[in-house]
Every structure is written in C-alpha cells, then in structure tokens.
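S.K.: I would like the atomic coordinates for the input below:
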Amino acid sequence: MDVLPSRKIVLLGKTGAGKSSLANTILGEKLFTIDHSPISGTSECQTKIKSVNGRSIALIDTPGLFDTGRSEDDMKPEIVRCLTECAPGPHAFLIVFKVEKFTEHEEAVITKICQYFSEDALKYAVIVFTHGDQLPEGMKIEEFVSQLKDLSDLVKKCGGRCHVVDNKYWKINEGDNYRSNQFHVAEILNTLDKMTEANKESCYTNQMLQEVNREIQREEECIRESSGNMSQEEIRKQAKQSAFERLLIRSAGIATGALLGALLGVAEMVAFAVPGLVTTERGRGTVALAAQSGLVKGALTGYTAAEGAESSLEAIQKVAEAVWNKCSVSESQSNK
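M.R.: Numbers count the residues shown, from 1 in each chain. Predicted coordinates for the structure are as follows:
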C-alpha cells in the first residue's frame with residue numbers, strides 16, 4: 001500500500017475534553033498517556049508519528065492551553081513549546097469538545113485559538129466531539145450541532161467539518177456503523193484529505209510560526225557543523241529544544257516590548273492631541289488605536305532586541321533600552 005504524504009495535525013481543547021484519548025483512537029494504540037485527574041493530563045506537547053490507513057500521521061497533543069484560571073506567564077512555556085512543535089505549521093487542527101452544552105468555556109477555547117494563531121486557523125480546522133455515547137439513540141452529530149446556534153456557527157466557520165468518536169464505548173463495532181470508532185476515524189481521515197487537497201497541500205502558517213521555524217533551522221545548521229554522526233532526527237530534536245529555550249527567553253522581550261510600546265504609543269498620541277480630545281468617544285477610540293499600534297511595534301522591537309540574550313532578565317533589559325531609544329529617535333525627528 002502506498003503511503004500518502006505526512007500530515008502534521010495539532011489537537012486543541014481544554015483539559016478533560018479527551019484529546020489524548022482521541023489521539024490514541026486515531027493512531028490505533030496507546031501512544032499518548034491518559035491522565036484522568038482534574039488538572040491537565042499532558043504536561044507538555046507530545047508528538048507521535050504513525051502510518052494510519054496508508055497515511056503518515058504526525059499527531060501533536062497539547063497541554064491545557066485553554067484552562068481557565070491560569071495566567072499568561074504560567075502558560076508561556078507551553079505556548080512556546082506548542083509553537084516549536086508546530087513549526088512551520090500544521091496541515092490541520094482538530095478542535096476537541098465533549099458532546100455536551102456549548103458554554104462560555106468552550107467559546108473561550110475558540111477565542112484563545114484565534115489569539116494564539118488567528119481566525120484563519122479555522123480554515124484548517126475540524127471539530128471532533130468525544131463522549132459520543134452521550135448522543136441520543138439514532139441521533140447523528142450534525143443534528144446535535146444544529147440544535148445549538150453558537151456551536152452551529154462555529155462549525156460553519158470550520159467549513160462544516162465535524163465528527164464524533166467515543167473513546168470508551170465505541171471500540172468494537174456491534175452492528176451499528178455509526179457507533180463505531182473505526183468508521184469515524186476513517187471519516188476524519190477522509191475529511192482531512194479533502195481539506196488538505198482544497199488547501200493545495202499547504203500547511204497553516206503565520207509570521208510567528210515562520211520565525212520559529214527559521215530559529216530551528218539556524219540551530220540545526222549549528223548542530224550539523226559539530227554533530228559528527230548524529231541522525232537528522234536527532235539533530236531536529238536537539239534543535240527544537242535549543243530553539244524552545246531561546247524563544248522562551250525572547251518571549252520575555254516580546255511581552256516587555258508590547259507593554260512599553262502600548263504605553264509609549266498612548267503617550268505619544270496624547271502629547272500631540274487637541275486638548276480635551278481624549279474625553280470624547282472618538283478620542284478614546286484614538287487612544288485605543290495608538291495603544292494597539294504601539295503594542296505591535298513594541299512587540300516586534302522586543303523580539304528583535306531580545307535576540308542573543310542569555311536570560312529573561314537580560315532580554316527585558318535589552319528590550320527596554322531598545323524601545324526607549326526608538327522612542328527618543330522618533331521624538332527628535334518629529335521636533336525637526
């Protein structure tokens with residue numbers, strides 16, 4: 001049997017949704033560890049590769065990136081690890097929900113996905129429901145989705161792509177094809193094939209994922225020059241770990257640059273504003289735009305300035321100096 005091109009697939013969803021179990025169901029064996037505790041069962045991104053139905057599948061299982069009550073600082077290492085594993089980008093996202101009510105917690109998952117990647121990521125997404133045994137007898141997943149407007153709207157944004165599995169009860173086909181994981185895994189893989197073909201075999205990517213990939217490639221070159229007899233797989237693994245460590249340091253630069261940039265953007269706008277402007281609705285909108293523009297510029301300055309820093313503290317210091325210097329240059333040019 002010919003093996004189709006490798007598919008890199010990322011599983012996203014809150015803790016307890018059944019991502020790791022779904023990954024094992026798709027791969028046909030227990031390659032991912034299952035933890036039934038209330039906290040995230042996956043401590044960091046894991047990648048497993050296997051041929052399934054003639055397709056080479058690389059599944060990336062993510063930790064609880066969407067758990068409520070966790071600070072951005074607490075999540076930062078896991079976000080950076082996810083980006084490192086994904087780079088230069090996945091062919092598909094499997095967004096995992098349980099068969100249950102679609103609440104603000106599920107909506108928050110989608111908000112976070114669009115924040116970490118972008119809304120364009122939904123063009124590469126498939127919604128997969130677990131706990132399919134909760135479906136009433138004879139009901140298909142499409143009918144369940146149609147009963148919940150917010151969920152139906154989400155599935156439409158994902159091109160109408162949705163499937164269901166049950167990692168506990170549907171392991172053996174007892175005569176009902178629809179309540180069979182074997183049937184649904186084949187359907188999921190067919191959907192992924194059609195979506196990838198429609199996307200012209202391209203993977204989802206963005207500027208950050210491309211930059212992460214360039215960082216990995218730079219590390220690969222350095223390792224290759226002194227690696228001796230290391231295999232390409234070992235080089236890639238070591239390069240990703242080195243890139244992860246460097247990017248984690250630089251992420252401190254991005255955060256610092258974004259904050260300073262936003263503050264300085266507002267300060268610069270206010271300095272040249274018509275007196276009383278910021279008290280109006282239009283004025284407040286202008287302040288928001290200034291902050292947003294400053295945030296983006298500051299984040300980019302921070303990413304560049306933090307390059308080469310050996311610690312988060314050094315990254316913050318370098319970024320603060322770079323942003324202030326940029327602000328001083330801007331101010332002197334505007335005074336001419």
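
S.K.: Now the longest strand anywhere in the chain: buried residues?
M.R.: If you go by DSSP state E, the chain has its longest strand at strand 4-12. Within strand 4-12, the residues that qualify as buried are Leu4, Arg7, Lys8, Ile9, Val10, Leu11, Leu12, counting by 16 or more other Cβ atoms under 10 Å. All C-beta spots, glycine's among them, are computed from the backbone N, C-alpha and C.

S.K.: ok, now which ones touch the last one?
M.R.: Taking Cβ atoms under 8 Å, 6 or more residues apart in numbering as the criterion, Leu12 is in contact with Lys19, Thr62, Leu65, Phe66, Phe93, Leu94, Ile95, Val96, Val109, Ile113.

S.K.: what's the angle between the helix or strand where Glu106 lies and strand 4-12?
M.R.: Using DSSP states H and E, Glu106 sits within helix 104-116. Here helix 104-116 runs at an angle of 120 degrees relative to strand 4-12 (axes from the mean of the first three to the mean of the last three Cα atoms, to 10 degrees).

S.K.: If you average the pLDDT over helix 104-116, what comes out?
M.R.: The average pLDDT within helix 104-116 is 88.

S.K.: Check which helices and strands it is in contact with.
M.R.: strand 92-98, helix 149-157 (3 or more Cβ pairs under 8 Å, 6 or more residues apart in numbering; DSSP states H and E).

S.K.: Run through who's touching the first one.
M.R.: Right, strand 92-98. 7-13, 16-19, 22, 106, 109-110, 113, 117, 121, 124-131, 134, 158, 188, 192, 195-196, 204.

S.K.: From these, list the buried ones, please.
M.R.: The neighbour-count test (16+ other Cβ under 10 Å) marks 7-13, 16-19, 22, 106, 109-110, 113, 117, 121, 124-131, 158, 188, 192, 195-196, 204 as buried among the contacts of strand 92-98.

S.K.: in this protein, which spans are strands?
M.R.: Going by DSSP E, the chain shows strands at 4-12, 46-52, 55-61, 92-98, 125-130, 162-164.
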